[in-house]
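Engineer: A predicted structure for the sequence below; I have some questions about it.
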Amino acid sequence: MKTALAVVAIAVLFLGASALTARAESTLEGVGHSPRLGLGLGYGLAYGPGDVKDFALVTGFMLFDYEDIWPHAAPEPLRFKIEASLGGTTEGSSRGLASVGGLALYYLDGLGGSLFRPYGEAGVGVMYSEHKVAGQGSRLNFNPQIGIGVEFPGHNQSRIWASLRLHHLSNAGLHKDNRGVNSLVLMMGYYFD
């Protein structure tokens, strides 16, 4: 039953992401906006519990103006990011992982300048991992995240970026064993626009 709920949750997430992307494309046809596309590499330093393993990720994402996705007014610095990652553990025999998620991103323009543009971000997704720690009942878990980052302006609006996130995995009680896993994830990447 709980596995079925998890599968339904993932299906809803994928359908929601598809619907949001379709809405953004529909909205953007009239105004000429296009989402920013980017790619990043990340390293997760797992710090709890003790038998958890570090991991590496490759992440692709689309960054939208928030109002192009959600049908209400929003501050100009607010964006919405949809991302997907593939990776694996880096200790012992590597175990694969995959995740999808959505995050709100807010540019902190009052703190930046011409050389850098800081931001904060927070969101949630789901992650499947072949590696489980003791007491972690499910390989499929929810993945809330919060972090800070910075973009470095370049030519033709291309930007190098880096971020640091607090990363949590748990199944939200869908399995009786629900030991959470916490990590600090450093990411660096590039926008293609």
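Structural biologist: Structure's in. What do you need? Numbers count the residues shown, from 1 in each chain.
Engineer: from here on, contacts and neighbour counts on C-alpha atoms
Structural biologist: OK.
Engineer: After the helix or strand of the chain with the lowest mean pLDDT, which helix or strand is next?
Structural biologist: In the chain, no helix or strand scores lower on mean pLDDT, DSSP states H and E than helix 2-31, which sits at a mean of 57. Tracing the chain C-terminally past helix 2-31 and defining elements by DSSP states H and E, one meets strand 36-48 next.
Engineer: who does that next one pair up with?
Structural biologist: Applying DSSP bridges, strand 36-48 is found paired with strand 55-65 (antiparallel), strand 181-191 (antiparallel).
Engineer: mind showing which ranges of this protein have poor pLDDT?
Structural biologist: 1-33, 155-158 (pLDDT under 70).
Engineer: let's go with 50 and repeat that
Structural biologist: Within the chain, the segments meeting pLDDT under 50 span 31-32.
Engineer: that older thread, could you dump the strands paired with strand 36-48 to TSV with distance to residue 114 and mean neighbour count?
Structural biologist: Output for the strands paired with strand 36-48, formatted as TSV (distance: least, C-alpha to C-alpha, whole Å; neighbours: other C-alpha atoms under 10 Å):
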stretch	distance to residue 114	mean neighbour count
strand 55-65	21	21
strand 181-191	17	20
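Engineer: need the ones you listed in JSON lines with distance to residue 98, can you?
Structural biologist: Shown next, in JSON lines, are the strands paired with strand 36-48 (distance: least, C-alpha to C-alpha, whole Å):
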{"stretch": "strand 55-65", "distance to residue 98": "9"}
{"stretch": "strand 181-191", "distance to residue 98": "15"}
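Engineer: Nearest to residue 163, out of those strands?
Structural biologist: For residue 163, the closest of the strands paired with strand 36-48 is strand 181-191, at 5.2 Å, according to C-alpha to C-alpha.
Engineer: List the contacts of that closest one.
Structural biologist: Here strand 181-191 makes contact (C-alpha atoms under 8 Å, 6 or more residues apart in numbering) with 36-49, 52, 158-170.
Engineer: Filter these down to the buried ones, PyMOL style.
Structural biologist: Provided next is the PyMOL selection string for whichever of the contacts of strand 181-191 are buried by 16 or more other C-alpha atoms under 10 Å:
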select buried, resi 37+38+39+40+41+42+43+44+45+46+52+158+159+160+161+162+163+164+165+166+167+168+169+170
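Engineer: All set, thanks.
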